[in-house]
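Asker: Need a 3D model of the following:
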Amino acid sequence: MLRISWWGIYIPRRAVDVNGMKLPAPSDDEDSITMAYEASSQLLGSVENKVGNVVVVSDDIDHIKLGVLLSLLDLSDVSAHLSQDLIEAFTLINKIPENETSILIVVNSSPPAGCITTVFNDTSTQAKVLFLKTLSENLTFTKPSSTRLNTFIDLIHEILLLRKAPKLLSDMLKGISLEPSKISYLAGSAPKLSYLLKAASRIGLPSKSLAILTKLSATGITGRLLAIMTLLESIKSSSTGDKILFVILEESGRFLSSVIEKT
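Answerer: Numbering: from 1, shown residues only. Below is the predicted model:
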């Protein structure tokens, strides 16, 4: 069983204006490596077991930069992986034996910039993953020549989030005999977040379970940082035994759903 043990967050102090919102951005002496180091270095001092695996999700860290980061963190001897996205990263970490401590580093170098490092399967346990599943829905369409691109993309989002997601989530919860009303928080991300919130309401999630996702998304945080940050904030806000529904949806039709319990 995958367990969440520790986490560290680094958000740059500099802010830039993006579509009328002030979003964090790296300063002149910051990049993905420095942000990942800041989020990870002090955190590693709390890790009691030997780290065996590191998974990095980034928009600009390649294998050369990964080697530099691992050297700075004194982790050059671990098994390291670069993942394309969070779904791939969580799928990989979930397959690692539970007696091996693993680290997930998620970093954005463009606004909203920042890094979140999460430690799994150390001696301490803040939450445990009860269920995790990924799948892909066939969302291959041919755009009618008369349809505007933005309208067509909105249609894909609607099909994925409003038509497919409610059934996928409902079937998943039924499969583990968990009533939607027992979900304390919804965490995650989607290409059209308002559709995900509507999908959650349709399957009967309590309105208060949407509070953290709604609040953090309103600050301009998006994508993978939003997914991880809402998950960790949900864990912090939960009491022992509370359940968190963690959902990641992508435009391609890839879908991750997980139920996480606060310990």
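Asker: Look up how far K65 lies from G114.
Answerer: 17 Å (Cβ to Cβ, to the nearest Å). The C-beta positions use only the backbone N, C-alpha and C, and glycine is treated the same way.
Asker: Pick out whichever of these two has more residues nearby.
Answerer: G114 (24 against 17; other Cβ atoms under 10 Å).
Asker: Strands of the stretch 151-263 of the chain, start to end?
Answerer: For the stretch 151-263 of the chain, the strands defined by DSSP state E, counting those that start in this stretch occupy 183-189, 243-249, 254-262.
Asker: Need the ones you listed in TSV (columns: mean pLDDT, distance to S201 and mean neighbour count).
Answerer: Output for these, formatted as TSV (pLDDT from 0 to 100; distance: least, Cβ to Cβ, whole Å; neighbours: other Cβ atoms under 10 Å):
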stretch	mean pLDDT	distance to S201	mean neighbour count
strand 183-189	97	10	24
strand 243-249	94	12	25
strand 254-262	93	16	21
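Asker: R14 - nearest residue in space that isn't next to it in sequence?
Answerer: S27 (4.7 Å; Cβ to Cβ, 6 or more residues apart in numbering).
Asker: could you dump the strands of the stretch 151-263 of the chain to CSV with distance to F120?
Answerer: Listed next are the strands of the stretch 151-263 of the chain as CSV, based on distance: least, Cβ to Cβ, whole Å:
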stretch, distance to F120
strand 183-189, 16
strand 243-249, 14
strand 254-262, 12
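Asker: Tell me which of those lies nearest to D59.
Answerer: strand 183-189 (14.7 Å; Cβ to Cβ).
Asker: Check the offset of the closest one from the chain's centre.
Answerer: 11 Å (Cα atoms, centre = their mean, to the nearest Å).
Asker: One more: stretch 102-113?
Answerer: 10 Å.
Asker: model confidence over it, on average?
Answerer: For stretch 102-113, mean pLDDT is 96.
Asker: With just CA atoms, put it into PDB.
Answerer: Extracted C-alpha coordinates of stretch 102-113, given in PDB (Å, rounded to 0.1, in the frame of the first residue of the first chain):
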ATOM      1  CA  SER A 102      10.400   7.000  -3.000                       C
ATOM      2  CA  ILE A 103      10.400  10.800  -3.800                       C
ATOM      3  CA  LEU A 104       8.200  12.600  -6.300                       C
ATOM      4  CA  ILE A 105       9.500  16.000  -7.400                       C
ATOM      5  CA  VAL A 106       7.000  18.200  -9.300                       C
ATOM      6  CA  VAL A 107       8.400  21.500 -10.600                       C
ATOM      7  CA  ASN A 108       7.200  24.200 -12.900                       C
ATOM      8  CA  SER A 109       9.600  26.800 -14.200                       C
ATOM      9  CA  SER A 110       6.900  29.000 -15.800                       C
ATOM     10  CA  PRO A 111       4.100  30.800 -14.000                       C
ATOM     11  CA  PRO A 112       2.600  29.600 -11.800                       C
ATOM     12  CA  ALA A 113       6.100  28.500 -10.900                       C
END
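Asker: Okay then, goodbye and thanks.
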